[in-house]
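>>> Structure for the following, please:
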Amino acid sequence: MRLRLAAAALLLSAGAAHAADLRLRIEGVRSGAGEIEIAVFNSAQNWPDGDRAEHQSKVKASPGTVETVIHGLAPGTYAIGGFHDENGNGAFDKNFLGMPTEGFFVSRVDGLILATPSFDEVAFALPPEGTTLTLRMRYY
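Numbers count the residues shown, from 1 in each chain. Below is the predicted model:
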């Protein structure tokens, strides 16, 4: 019995050594209405389909900066996309021209976004010790 417990403890600690925390600072949130929806992708094949993300989460919106931590990701290459679901309908709303009517963000892009960037344009490395990303919410 002790041998099994020791083996289980070793397996659990080995798995934890390969997990990293991703700390996010989402700046420029304009209101406390609704939630911030976050999708983390680990491949170009899934980007930017939020339903196929490696990790999805929601955090309560708050004016200014919203911070959250995603625990237990394997070190590697990722991309992040998300939006401010102000009306709480669970969808990224757009107008009849296809322009977003709710705020959105992506990793590694600071300028104007007129089309969905490629995975390579937004990808970043998550090291074993974890990292912090600052993302800027955009409202058009």
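>>> Tell me where this structure has strands.
Taking DSSP state E to define them, one finds strands in the chain at 20-29, 35-41, 55-60, 64-73, 76-85, 104-106, 124-126, 131-136.
>>> Averaged pLDDT, the last one. What do you get?
Here the mean pLDDT over strand 131-136 is 97, rounded to a whole number.
>>> That strand: which residues count as buried?
For strand 131-136, the neighbour count (16 or more other C-beta atoms under 10 Å) marks Leu133, Leu135 as buried. Backbone N, C-alpha and C define where each C-beta goes, glycine included.
>>> helices and strands around that strand, which ones?
Strand 131-136 makes packing contacts with strand 20-29, strand 76-85, strand 104-106, strand 124-126 when contacts are defined by 3 or more C-beta pairs under 8 Å, 6 or more residues apart in numbering; DSSP states H and E.
>>> Can you tell me which of the ones you listed is nearest to Ala39?
strand 76-85 (5.3 Å; C-beta to C-beta).
>>> Run me through the strand neighbours of that closest one, direction for each.
The strands beside strand 76-85 in its sheet (DSSP bridges) come out as strand 35-41 (antiparallel), strand 104-106 (antiparallel), strand 124-126 (antiparallel).
>>> Run through who's touching the last one.
This points to strand 124-126. Ala20, Leu22, Leu73, Pro75, Gly76, Thr77, Tyr78, Ala79, Ser107, Arg108, Thr131, Leu133 (C-beta atoms under 8 Å, 6 or more residues apart in numbering).
>>> Now find how far off-centre it is within its chain.
12 Å (C-alpha atoms, centre = their mean, to the nearest Å).
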